[in-house]
Each structure stands twice: as structure tokens, then as C-alpha cells.
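**Student:** can't give you the sequence, but here's the structure:
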DNA sequence: AATTTAACTCCCACCTCC
DNA sequence: GTTAGGAGGTGGGAGTTA
């Protein structure tokens, strides 16, 4: 007997960060609003209690757009776009700083609301989830409507949902009717509704793969389905080619993962101006230490230790290098992290200005109850003179 | 004894996603 | 003067081990 057709939903909150901001600033509803840019985008309140918002044209810096309202998207402003470029397209758009604590709060609210209808949920970041509706009683459309209702009641926000036989199709489907959408897809919809879509609509085909496909004359999902698997294998290797062929046939057997353990923790920062390894050595060292200390806090808060510390250095030309250092036993304190990260840094030639510095902890383990280094080692933090910027 | 080879791990760049 | 920050994953090359 074959397995019954599953009912997998994908739920995506509509312009999530921007919509949360509109709850706080309802007078901005209907306007082009862009979230991003840090504290300089904070609105001010004058003596009459009137709020004054920052316009995009007033922004200077290296940030990117985190998200934007649909009105701003109409002007061509999308997530991950450089802020300066966005300012050229929509100089009058309102700019707001991102407020992650608030987004996390609303994220919890909407996920709890969904869980009251269907408990088997997979987290995919702050604003989207997969939901397994297979064993939830009720008609598919009714269930989806009920979920949209409880989310709206709990948060005041709209979302878009698709229900399909698998994650692949559910994820594609939730984009088809945004915002406030409800889409139901079956395998019969593959040819008429999925094959005409651009290949890059598939979760897993990013800009690079899309360009390589386009160079071979493959533009849509249907083009992938029509391609000879042997031809795909020649250009993409067996593993990726097989995956492409399967997804183009709408096949995806991945299960809903209701729990996950963190694989890595990292902290990175882009400087407001590029820092030179020699001229700005003191500042670099200070920022480097701060990253290690913040990473240590993250690990300690979750009671994790790390046996592999990595660094990331991005130079002014955007060229990026990483280095790892594997440790004999897990660490979580700032001093040990900094020591390991310094070992990594010694292996990088530092002769150009640096744009970004990052520190990552992987090979994570749960800290034993009494294990780990005692608190006093933190006093040991010192600036190792042997490292270039240490 | 020297050489070949498969399997595994580590390191690193790169890709993708939100 | 594009290009954040945090995460997961893949695959090739180098080195090690059996």
C-alpha cells in the first residue's frame, strides 16, 4: 500500500517586519515604508507629540533593506537591496529601524495560534512555517481559513498559506496569491501552474544556479522537466541534476521536522567604514573581542560549548575568507573563543582594509551540568600581541 | 617493503535562504 | 559608495588511516 497523499501547508507572513511596524505606527498604512538602517532611522517626537519619520533620502550608510511594504515594492524597493540604491528609487519612502524583539514576539504569537489548530509545525525562520495537516480532521480549505483567522485574531496580521502534497509545492504555492492568500495545489496543478514558473521560484535554485540554467536555455520549471536528465548531469553533477529532475516533477518526500538542534552560532559585523589592519589595529582588536564576548554570551545562555571556532574576514573589495580552528574540547567562554579565533586570524594575510569581521562557533554540544570552565577564566582576557590585530 | 586505494575527516569556498 | 546578519548545507582538495 502506498502512503496516503499528505497535506502540507506553508504559511508565510505578509511583509512581516513592515506589517509589525504598521501595528505600531498605523498612520503609515498605505504608504511606502522601508524597514532597515539601524537607530538613525528612529522617528522623533516633537513638543506637540507629533511623530516625525525619517525619509529614505536622508539615509547615509551601508545598510540594506530588511523588508518593505507592498507600496514600496511597487516602486522597486525589495529586501536585501542596498539602502542607497533604494533611496534613489523611493526617496520619499518612510524609513524605520528594525526591532527584532518585537518581531520575535509576534512570531511567537502567530506560531502559538497556528499550533492551537495544528500542532505539527516546522519553524523556517521568524516569519514562516510548514504545517502538517495530514492528520488534522477537517476539509483542507476550511482548515487553511481557520489558520488564517486565528493568526489574524492573535496578531492583527495577514498571512499567505498554501496547502499541497509536499513542502516543495506548498512553498511555491504560498507565493502565488500574496498577500492574504490561500492556495490549494494538487499534483494535477503541476503542469498548468508550476511548470510555467521561473526556475528561481524553486526553493534551492538561487541566483548562481539560475544563471547557469539560463545559459543552457532553461528558464522555467517546465524547461527543467523537459530537459534530458543526462544533459543536466553533464552540467550539474549527479546529485544536483537528480534533485532538479525530481523537483521539476513535483516530487519532494521531505518530512516536517518539528524539532531542531542548533548546528552553529555566529556573530559578525560590518564596520561603518573599512578598518585597516595596522592603522586601525586598536579598534579592530576591540571589535574582535566584542564579537567573541557576544558569541560567548550566546553559547552560555543556551548552555552550549563549541569545539570548532571560525572567523570570517571580508575585505573592502568584498573578497571573503574563512578559517577554522578545531579544539580538543568544547569551550564557551570569551577568552577561549578569542584565543581560538586569534589562531584562525594568524593564518590570514592582513594587508588590506577590512569591511566585515565575524566569529562562528560550531561542533556544538550541550554543556554538562557542572562542566565547562569556571567563571574566573574570564578575567584572563588579554590581548595576545602575537596576532596581527590581536 | 613498497605501492595502491578506499574511506574518512578536516578545511575552506561557495551557495542558498530568510 | 551597492551588498546586513544569522543560519544550514554541499563539494572538492588535502591529509590520514586501514
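**Tutor:** Received the coordinates, thanks. As the structure is a computational prediction, the values presented were derived from the model and not from experiment.
**Student:** any idea how far the residue nearest to residue A:351 when sequence neighbours are not counted lies from residue A:348?
**Tutor:** Spatial nearest neighbour of residue A:351, excluding adjacent residues (Cβ to Cβ, 6 or more residues apart in numbering): residue A:277 at 7.1 Å. Quick note: C-beta positions are derived from backbone N, CA and C, even for glycine. For residue A:277, the distance to residue A:348 equals 9 Å [Cβ to Cβ, to the nearest Å].
**Student:** if we can go back for a sec, Validate this expectation: the residue nearest to residue A:351 resides in a helix.
**Tutor:** No - secondary structure assignment (DSSP: H, G, I helix; E, B strand; the rest coil) places residue A:277 in coil, not in a helix.
**Student:** List the contacts of the residue in the stretch 151-300 of chain A positioned nearest to DNA strand B.
**Tutor:** With Cβ to the nearest atom of the strand, the shortest gap between the stretch 151-300 of chain A and DNA strand B falls at residue A:206, namely 2.1 Å. Listed by Cβ atoms under 8 Å, 6 or more residues apart in numbering, the contact set of residue A:206 reads residue A:200.
**Student:** again, but for residue A:53
**Tutor:** Contacts for residue A:53 were tallied using Cβ under 8 Å, 6+ apart; they are A:25, A:28, A:43, A:94-96.
**Student:** Please pick the buried ones from these.
**Tutor:** In terms of neighbour count (16 or more other Cβ atoms under 10 Å), the buried residues within the contacts of residue A:53 are A:28, A:94-96.
**Student:** Widest-spaced pair of those?
**Tutor:** Distance extremes for these: the farthest pair is A:28 and A:95 at 10.9 Å, using Cβ to Cβ.
**Student:** What about the contacts of residue A:53, which are in strands?
**Tutor:** Among these, the residues falling in strands (DSSP state E) are A:94-96.
**Student:** circling back to that earlier point, and of the buried ones among the contacts of residue A:53, the nearest to residue A:315?
**Tutor:** Ranked by distance to residue A:315 (Cβ to Cβ), these are led by residue A:95 at 28.7 Å.
**Student:** can I assume the closest one is in contact with residue A:55?
**Tutor:** Yes - taking Cβ atoms under 8 Å as the definition, residue A:95 is a contact partner of residue A:55 at 6.5 Å.
**Student:** any low-confidence regions in the stretch 251-390 of chain A?
**Tutor:** A:368-390 (pLDDT under 70).
**Student:** And stretch A:249-263, end to end?
**Tutor:** End-to-end distance for stretch A:249-263, by Cα to Cα, to the nearest Å: 31 Å.
**Student:** Enumerate the positions of that stretch that are buried.
**Tutor:** Buried-residue list, stretch A:249-263, by 16+ other Cβ under 10 Å: A:250, A:252, A:256.
**Student:** Next step: those restricted to helices.
**Tutor:** Per DSSP state H, helices hold no members of the buried residues of stretch A:249-263.
**Student:** so which of those also contact DNA strand C?
**Tutor:** Applying Cβ under 7 Å from any atom of the strand, the subset of these adjacent to DNA strand C is empty.
**Student:** Report the beta-bridge partners for residue A:164.
**Tutor:** residue A:8 (DSSP bridges).
**Student:** these two touch, right, it and residue A:176?
**Tutor:** No - the pair residue A:164 / residue A:176 is not scored as a contact, 10.5 Å apart, by Cβ under 8 Å.
**Student:** before we move on, the earlier item: quick one: which of the ones in strands among the contacts of residue A:53 is nearest to DNA strand B?
**Tutor:** Among the ones in strands among the contacts of residue A:53, residue A:96 lies closest to DNA strand B (Cβ to the nearest atom of the strand), at 18.2 Å.
**Student:** May I have the predicted confidence score for that closest one?
**Tutor:** pLDDT for residue A:96: 95.
**Student:** And for residue A:83?
**Tutor:** Predicted confidence (pLDDT) at residue A:83: the value is 92.
**Student:** Ok, residue A:37 next?
**Tutor:** You'll see residue A:37 listed with a pLDDT of 77.
**Student:** Also residue A:118?
**Tutor:** pLDDT recorded at residue A:118 is 96.
**Student:** on that earlier part again, quick check: the residue nearest to residue A:351 touching residue A:284?
**Tutor:** Yes - here residue A:277 reaches residue A:284: they are 6.6 Å apart, a contact under Cβ under 8 Å.
**Student:** who's more crowded, the two?
**Tutor:** More crowded of residue A:277 and residue A:284, by other Cβ atoms under 10 Å: residue A:284, with 22 against 18.
**Student:** Test my guess that that one contacts residue A:357.
**Tutor:** Yes - the pair residue A:284 and residue A:357 qualifies as a contact (Cβ under 8 Å) at a distance of 7.2 Å.
**Student:** Now do the phi/psi pair for the most centrally placed residue in chain A.
**Tutor:** Centroid check for chain A by Cα atoms, centre = their mean gives residue A:125 as the closest residue, at 6.4 Å. For residue A:125, the backbone dihedrals (degrees, to the nearest 10) come out as phi 80, psi -170.
**Student:** With residue A:195 as the reference, measure out to residue A:169.
**Tutor:** Applying Cβ to Cβ to residue A:169 and residue A:195 gives a distance of 12 Å.
**Student:** Alright, calling it a day.
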